[in-house]
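A.B. asks: Generate a structure from the sequence data that follows.
(one chain, ligands or ions: 2)
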Amino acid sequence: MAEGAKSMDATVLTVVGARPQFVKAAVVSKALASCAGIKEIIVHTGQHYDAAMSQVFFDELDIPAPQLNLGAGSGSHGAQTAQILIGLEEAIIRLKPDIVLVYGDTNSTLAAALASAKLNVPLAHVEAGLRSFDRSMPEEINRYITDHLSQLLFAPSDAAVENLAREGIAGPHIVRTGDVMIDASMKFKEISDRRSNICARLGVDKGSYALATVHRASNVDDEIALSVIVQALSELSQTLPVVLPLHPRTRARLRCDFAPGVKVIEPVGYLDMCQLEAHAELVVTDSGGVQKEAFFYGVPCVTLRSQTEWGELVAGGFNRLAPPVNARGIVSACLEALRSIPDFAGASDLLGCGDSAAAIARELAHWISRRHG
Ligand code: UD1
Ligand code: UDP
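C.D. replies: Residues are numbered from 1 along each chain as shown. Ligands and ions are numbered 1, 2, ... in the order given. Down below sits the predicted model:
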């Protein structure tokens, strides 16, 4: 049992709402469960609500059922954030947590940070300090504000710690924990090996296809950028079949068809995703999480953006940036990535080695016990 806040009964209120947050919470919730004296309450904001975007993660990853689902659903940034803020304010007042725990950079994260700060309830942020330095990204605003409102900041990388320091956030309340998504990959890959046969189901040969995901607002809400991506993946599929589990945001925006070599499928559960990533020859994505998972599985990655919060992966040659400006540029980056494979094994613990969730739980327990005197 992890060292904990033994003589107290403290409540951590975890707020999740979007797909990557379920994956991150899966490993941290498990670690919190072994801290004596800490009770975790999970609140789901309802930002993601399709079964394939939400329930499948709770089922497969054995995440405790949320005590409350705010049912916020989709909407403009203002409407969605406001809806979650109203629900969370009421929940925090009623549940009286000792600390609120948030993940990443979504509108659910921002709303939880605002609700906690206004109620003077301490806030802890997992994935603190990440920056794209692009304020036109909604996520950049969300993570910046959340970091500046947090009392406890869990930074996944050295670069994240440095970013915080540049903004005047430094001290013992910043903890470099490594990245919890590496923990999740380590923990669930073996289960996925046993339970998922997605490559066979899709009829793709292991090691001989590209896995693509696309959902970033700047890529899919911009008609030209999206058509460049459709063209690039279609061209790539002449070299390598492409599997594309399509985010509902992207499906709603598509105005043209992919070439037949692109297998467009519904979003998959995490266990299927582990297989698709681990056996891909190449990953092409604009997802934050998928960039890191490609690295974990030793698969070269092309990121369809002009910048990334995970610059160490680009610096190490594991990932390359190819913004959707023209299809040729993306295809060239993909072919180059397939040709020059870097030494993944030599850098395997760059983002942590699977003990990040335990470190977060331990720090939370220490923080709570210090506060309780
Ligand atoms: C959100 C996050 C993004 C994160 C992504 C993970 C914000 C601002 N963005 O983007 O940082 O990378 O989640 O996937 O918080 N939709 C459905 N069913 C669902 C969920 C969404 O159909 O279950 C559709 C709706 O048309 C909705 C659109 O997807 O309008 C966008 O959903 P939203 O949650 O607003 O943003 P994401 O693009 O998912
Ligand atoms: N993921 C999944 N099924 C999919 C696409 C993604 O399980 O069809 C997982 C992926 O492995 C990663 C997380 O969802 O753990 C990333 O979510 P997403 O790309 O939506 O968000 P981001 O990380 O960009 O915020």
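A.B. asks: Residues of the chain that sit close to ligand 1?
C.D. replies: Applying CB under 6 Å from any ligand atom, we find that the chain lies next to ligand 1 at 18-20, 47-50, 53, 74, 80, 105-107, 138-139, 215, 248-249, 252. All C-beta spots, glycine's among them, are computed from the backbone N, C-alpha and C.
A.B. asks: Out of those residues, which end up buried?
C.D. replies: 18-20, 47-49, 53, 80, 105-107, 138-139, 215, 248-249 (16 or more other CB atoms under 10 Å).
A.B. asks: elements contacting the helix or strand A79 falls within?
C.D. replies: Applying DSSP states H and E as the criterion places A79 in helix 77-95. The contact analysis (3 or more CB pairs under 8 Å, 6 or more residues apart in numbering; DSSP states H and E) places helix 77-95 against strand 10-16, strand 38-44, helix 107-118.
A.B. asks: sorry, back to before: okay, and which of the residues of the chain next to ligand 1 map to helices?
C.D. replies: When DSSP state H is applied, these are split such that 19-20, 80, 107, 138-139, 248-249, 252 fall in helices.
A.B. asks: quick one on the thing from earlier: tell me the mean pLDDT over the helix holding A79?
C.D. replies: On average, the pLDDT along helix 77-95 is 98.
A.B. asks: on that earlier part again, mean pLDDT added to the helices and strands packed on helix 77-95, as CSV?
C.D. replies: Shown next, in CSV, are the helices and strands packed on helix 77-95 (pLDDT from 0 to 100):
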stretch, mean pLDDT
strand 10-16, 98
strand 38-44, 97
helix 107-118, 98
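A.B. asks: and stretch 292-302, which residues are buried?
C.D. replies: 292-297, 299-302.
A.B. asks: That should have said stretch 364-373, apologies.
C.D. replies: 364-369.
A.B. asks: with those residues in mind, which one is nearest to R201?
C.D. replies: Within the buried residues of stretch 364-373, proximity to R201 (CB to CB) peaks at L364, which comes in at 39.6 Å.
A.B. asks: residues contacting that closest one?
C.D. replies: 12, 32, 35, 38, 99, 101, 124, 152 (CB atoms under 8 Å, 6 or more residues apart in numbering).
A.B. asks: Counting neighbours, what do you get for G37?
C.D. replies: 15 (other CB atoms under 10 Å).
A.B. asks: coming back round to it: so which of the helices and strands packed on helix 77-95 is nearest I84?
C.D. replies: Here helix 107-118 is closest among those (CB to CB), at 3.7 Å.
A.B. asks: Can you name every helix or strand that that closest one contacts?
C.D. replies: By 3+ CB pairs under 8 Å, 6+ apart, helix 107-118 packs against strand 10-16, helix 77-95, strand 99-103, strand 123-126, helix 138-149.
A.B. asks: Looking at these, which one is packed in the most?
C.D. replies: strand 99-103 (a mean of 27; mean count of other CB atoms under 10 Å).
A.B. asks: now check that one, is it near ligand 2?
C.D. replies: No - against ligand 2, strand 99-103 shows no contacts by CB under 6 Å from any ligand atom, the least distance being 9.6 Å.
A.B. asks: Report all helices and strands that that strand contacts.
C.D. replies: Partner elements for strand 99-103 (3+ CB pairs under 8 Å, 6+ apart): strand 10-16, helix 19-33, helix 107-118, strand 123-126, helix 356-371.
A.B. asks: picking up where we left off before, same list, the buried residues of stretch 364-373, but only the ones touching ligand 2.
C.D. replies: Okay, of these, nothing touches ligand 2 (CB under 6 Å from any ligand atom).
A.B. asks: Dump the contacts of L364 into JSON lines; add distance to P260 as well.
C.D. replies: Formatted as JSON lines, the contacts of L364 follow (distance: CB to CB, whole Å):
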{"residue": "V12", "distance to P260": "49"}
{"residue": "L32", "distance to P260": "47"}
{"residue": "C35", "distance to P260": "52"}
{"residue": "I38", "distance to P260": "52"}
{"residue": "I99", "distance to P260": "51"}
{"residue": "L101", "distance to P260": "45"}
{"residue": "A124", "distance to P260": "48"}
{"residue": "L152", "distance to P260": "50"}
